[in-house]
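# my questions are about this predicted structure, shown below with the sequence.
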Amino acid sequence: GNSVTQMEGPVTLSEEAFLTINCTYTATGYPSLFWYVQYPGEGLQLLLKATKADDKGSNKGFEATYRKETTSFHLEKGSVQVSDSAVYFCALESGGSNYKLTFGKGTLLTVNP
Amino acid sequence: NAGVTQTPKFQVLKTGQSMTLQCAQDMNHEYMSWYRQDPGMGLRLIHYSVGAGITDQGEVPNGYNVSRSTTEDFPLRLLSAAPSQTSVYFCASSYSKVVLYGYTFGSGTRLTVV
C-alpha cells in the first residue's frame, strides 16, 4: 500500500537558518506529491505540489523536487522566519483515486528569533 | 467566501453518546472528506464523497457514518462515542481532482470522549 515517511521532529532552528525536512514515499504507479502546512489552531493549507518526476514545487520560499529514483520529496527553505513555525505534512495521491491523500505523521518546526 | 466551515470547534462527550460533526463548504466543491488527526499518526481518512448522494469508506470508518444529501454539506456522525475516538477531526473539500487543486481544509473539531 501507499505510505509516507517524514523525518522525526521536532525541528528547532534559529531565524535565517536553512531548513530541510525529509520525506520519502512508497506507492504504486506514479503518485502526485504534496506538502501541507498547519499553523497553530488552524487547518491544513496546501504549500506546494509536484505531479511528475523531476517537477519542482515552490511557494513562499519553500521548494521540493520530486525525485523518482530516490522516492523522495524533501522540503527546503533557504532562510526560515519565525512565522514559518508550524507543522509540515508530506502527502501523496496515487492509484488513480484523485481524491484520497496519504499523509506522513507531520514534522513540527519551531523557529526562534 | 467562508471556505470550509466546521462546527463545533470543541466538544466533550461521554462514552456511548452520539453526535454529529457539521461540515459545510460554499465553493461548489464536488469532493469532500473527513480526516482524523492523532498525535504521531498524521491524518487518516475516515469517509469521503465524490458528489451528492455518493459516499465511501476510508481507512478508519468504523464507528462513523456519513451522508451527502447536498453538495454543500457533509456531516459526520458518531454513533456511540468511545474514548478511542478522542481526536481532532478535519473536513476537507476539493473542486475536482486533488492532484490539480489540492484540498481546502476546515479549522477542525477537537473532540474528547470521557
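Happy to help now that I have it. Residues are numbered from 1 along each chain as shown, chains lettered A, B, ... in the order given.
# residue ranges with poor pLDDT in chain A?
A:95-99 (pLDDT under 70).
# for it, what lies in contact range of chain B?
A:4, A:32, A:34, A:41-46, A:49, A:51, A:89, A:93, A:98-101, A:103-106 (CB under 8 Å from any CB of the partner chain). C-beta: built from backbone N, CA, C; applies to glycine.
# any of those buried? List them.
Neighbour counting by 16 or more other CB atoms under 10 Å in any protein chain shown classes A:4, A:32, A:34, A:43-46, A:49, A:89, A:93, A:99-101, A:103-106 among those as buried.
# kindly report the residues of chain B close to chain A.
B:4, B:31, B:33, B:35, B:40-45, B:48, B:50, B:58, B:90, B:92, B:94, B:96-99, B:102-103, B:105-108.
# swap in 7 Å and give it another go.
B:31, B:33, B:40-43, B:45, B:48, B:50, B:90, B:94, B:97-99, B:102-103, B:105-108 (CB under 7 Å from any CB of the partner chain).
# spatially speaking, which residue is in the middle of chain B?
Most central in chain B under CA atoms, centre = their mean is B:W34, positioned 2.9 Å from the mean C-alpha point.
# pull the number of nearby residues for residue 92.
Answering for chain A, as no chain was given. 24 (other CB atoms under 10 Å in any protein chain shown).
# actually, chain B is the one I wanted.
27.
# tell me how many other residues crowd the nearest residue to it once chain neighbours are set aside.
Spatial nearest neighbour of B:A92, chain neighbours left out: B:Y103 (4.1 Å); criterion: CB to CB, 6 or more residues apart in numbering or on different chains. When neighbours are counted by other CB under 10 Å, B:Y103 registers 27.
# likewise B:N65?
Neighbours of B:N65 (other CB under 10 Å): 14.
# surely it touches B:P75?
No. Applying CB atoms under 7 Å as the test, B:N65 and B:P75 come out as separate, 8.9 Å apart.
# can you check which strand is longest in chain B?
When chain B is parsed with DSSP state E, its longest strand is strand B:42-51.
# quick one: contacts of that strand?
A:89, A:99-100, A:103-106, B:30-37, B:55-61, B:64, B:66, B:68, B:74, B:76, B:90 (CB atoms under 7 Å, 6 or more residues apart in numbering or on different chains).
# quick one: strands adjacent to that strand?
strand B:31-38 (antiparallel), strand B:54-57 (antiparallel) (DSSP bridges).
# pull out the buried positions in that strand.
B:42-50.
# chain center to that strand: distance?
7 Å (CA atoms, centre = their mean, to the nearest Å).
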